[in-house]
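# the following block contains a protein sequence and its predicted model.
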Amino acid sequence: MSTYANEFRRSIDQPEAFWAEQARRIPWFTPPSTILEYDEANHARWFVDGEMNISHAALDHHVEQGRGDQPAILWDSPVTDSKRTLTYREMRDQVASFAGALKGLGVEKGDRVVIYMPMVPEALVAMYACARLGAVHSVVFGGFAPHELAVRIEDAAPKVVVAASCGVEVNKVLPYKPIIDAAIEQSAHKPDACVVFQREQHLAELGPRDHDWATLLDAATPADCVPVKGSDPLYVLYTSGTTGKPKGVVRDTGGYAVALAYSMDAIYDVEPGEVFFSASDVGWVVGHSYIVYAPLLRGCTSVVYEGKPVKTPDAGAFWRLISEYRVKSFFTAPTAFRAIKKEDPDGKLLAEYDISCLKALFLAGERLDPPTFHWLDDLLDVPVIDHWWQTETGWPIAANLHGLEPMPTKAGSATVPVPGFNVQILDREGEQVGPMEQGSVVIKQPMPPGCLVGVWGDPQRFHAAYMAAFPGYYLTGDGGYFDEDGYLFIMGRTDDVINVAGHRLSTGEMEEVVGAHPAVAECAVIGIHDALKGQLPVGLVIPKDGFEGREADLEQELVALVREKIGPIACLKQVLVVDRLPKTRSGKILRKLLRNIADGKEYGVPSTIDDPASLQDVHDAMKAREVGAAHEARQV
């Protein structure tokens, strides 16, 4: 058997032995003797009797092992023209002091702390300080509207809120304090205190419940690490796009640390002392896992970037960072490179930088469409690795395991399931299907370490949302298939499969075809209601910069292309050219919202949207072209 096949088989057939072995990658105060057990609902729980602290494992341990003077984080902020390095020793000391400050405000093991900060080193310090005390942090993306912050405060019931005075974007400063004050006013739960890190771009006016970060830090007595059980919660992270009552994913401590340490070796192939760069945000799961915790657990240096893939200052920003910091492994979302491809379609800016240090590029957060894969594959001399995972799983479900056994890549595939994830494809009746047959992508129990252990305050919701549809399996909500070689293809959320005159068609397949056109930078295909055929596909495309053709000609070419590649059954007859697509801040296109507009339904502006004006643009374009019932849609 191959190295991968042997390791995967062991992880499925002997999960306790396999994960006991991986648990030795991290330092425990008390090593676990119970590796796997099941709770009353038959959900897997890992390392329940082990004791550790992730702040100790990621910081103190490395200082003790002689890495104290190695950079832990490299902060690069083109929006403020600032750079800063924190060594492992400096990071440990700041974390210990801020943990002492939180302790002075009454924060204890099990208490919650909401963190509302931009991409600054202090955000990582705050997260680790909570972990040091055994407190549960809940990071909310800086800039979320007051109502959305309020429902998260109400749900998590934090003792303290930690915030920055402002966020800084391209040519814009967003004060955070008015948002926080409004959110606390709206919330039924009132935190005891709010700690504000003052940024020079905007100083917040402090009120009676507020404390200045620097003042607290100066007066604090450093706090020691509090031992916690492997099964104790580390954080609550609210999934993007939630409406109504938010869904707080609960992550445990021990299982998460073990899974992340394993992934840094087996998937990302980085050794202690090497530089890892994830272009995400601490408000998302990628930021939690692969900016904050995994690189430091592994003894690596993590790049913390307060900027964009473009406009800060140009589409060469990522290449500059990789070159300057000698990044070995880089991870971002496909949408970032679609933005780069739009502004620099020939990749000319790459020639200005030496990125010979880069050994692999990883992409996740949404499906890596084949046109973007091929553009990157042609541009770079390193493997372009699509991998697939979710907020709920906390680390990759499927990947090309670059550190274990690199495999040939296939455009459109996330390669193979990661050891520990028993991925299967089921039909509607819950029966396993064969190769090349699409169905629901599920994971057979036990879920490996690192995955969610519940929904905060609502165990019934956890079971109903993820475990009830197919008993014994976790429902990912994605559709896909395995090919004859065992490669996994994720075709998008199951609600992105449309039914055209009784034929089930994947909008992901149509997006592959549309996105392959040389004039198209980015696209989305959605299914809209049709009285005759049930649903019909409609395409929305953003042309590459420099496109000078007629929109009508481009539309005809794309319609013909889909007809040629998929067949007339696809019935794609309308393609709209737009300047921008509505996306979340993490880069996911808001397809459900697009469908609601096209179908004439009322729609709201979600808290996670990156550019609210993009909704109106698409609405106007649909209305002008008489797409579906868009003329009836209205914003609420």
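Arrived safely. Numbering: from 1, shown residues only.
# and the strands in the stretch 51-200 of the chain, which stretches?
Per DSSP state E, counting those that start in this stretch, the stretch 51-200 of the chain carries strands over the ranges 51-52, 71-77, 82-87, 112-116, 136-139, 160-164, 166-169, 172-175, 193-197.
# with mean neighbour count and distance to T239 as extra columns, can I get those in JSON lines?
For every residue, glycine as well, the C-beta is placed using N, CA and C. Below are these laid out as JSON lines (neighbours: other Cβ atoms under 10 Å; distance: least, Cβ to Cβ, whole Å):
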{"stretch": "strand 51-52", "mean neighbour count": "22", "distance to T239": "26"}
{"stretch": "strand 71-77", "mean neighbour count": "22", "distance to T239": "26"}
{"stretch": "strand 82-87", "mean neighbour count": "15", "distance to T239": "30"}
{"stretch": "strand 112-116", "mean neighbour count": "27", "distance to T239": "16"}
{"stretch": "strand 136-139", "mean neighbour count": "26", "distance to T239": "12"}
{"stretch": "strand 160-164", "mean neighbour count": "28", "distance to T239": "20"}
{"stretch": "strand 166-169", "mean neighbour count": "21", "distance to T239": "21"}
{"stretch": "strand 172-175", "mean neighbour count": "14", "distance to T239": "23"}
{"stretch": "strand 193-197", "mean neighbour count": "24", "distance to T239": "25"}
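# tell me which of those strands approaches E7 most closely.
E7 sits nearest to strand 51-52 of all the strands of the stretch 51-200 of the chain, at 24.2 Å, using Cβ to Cβ.
# which outside residues touch the closest one?
Strand 51-52 has contacts (Cβ atoms under 8 Å, 6 or more residues apart in numbering) with 26-30, 227-230, 253-254, 257.
# now those residues as CSV including distance to G472 and pLDDT?
CSV is the format used below for these (distance: Cβ to Cβ, whole Å; pLDDT from 0 to 100):
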residue, distance to G472, pLDDT
I26, 30, 97
P27, 34, 98
W28, 31, 98
F29, 34, 98
T30, 32, 98
P227, 34, 98
V228, 30, 98
K229, 26, 98
G230, 24, 97
T253, 26, 98
G254, 24, 98
A257, 27, 98
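# just give me the closest of those residues to C166.
The closest of those to C166 turns out to be T253 (Cβ to Cβ; 31.7 Å).
# sorry, back to before: strands - which of the contacts of strand 51-52 land there?
Among the contacts of strand 51-52, the subset assigned to strands under DSSP state E consists of 228-229.
# which member of the contacts of strand 51-52 is positioned nearest K601?
The closest of the contacts of strand 51-52, once distances to K601 are taken by Cβ to Cβ, is T253, at 42.0 Å.
# wait, isn't that closest one in contact with V228?
Yes. Using Cβ atoms under 8 Å, T253 makes contact with V228 at a distance of 5.4 Å.
# mutual contacts of those two, please.
With Cβ under 8 Å, 6+ apart as the test, T253 and V228 both reach 52-53.
# pick out the most distant pair among the contacts of strand 51-52.
Of all pairs drawn from the contacts of strand 51-52, the widest gap by Cβ to Cβ lies between P27 and K229 and measures 15.4 Å.
# need the buried ones from the contacts of strand 51-52 selected in ChimeraX.
Command for ChimeraX that selects the buried part of those, burial taken from 16 or more other Cβ atoms under 10 Å:
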select :26,27,28,227,228,229,230,253,254,257
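# for L361, state which of the contacts of strand 51-52 is nearest.
When the contacts of strand 51-52 are ranked by distance to L361 (Cβ to Cβ), A257 comes first, at 25.7 Å.
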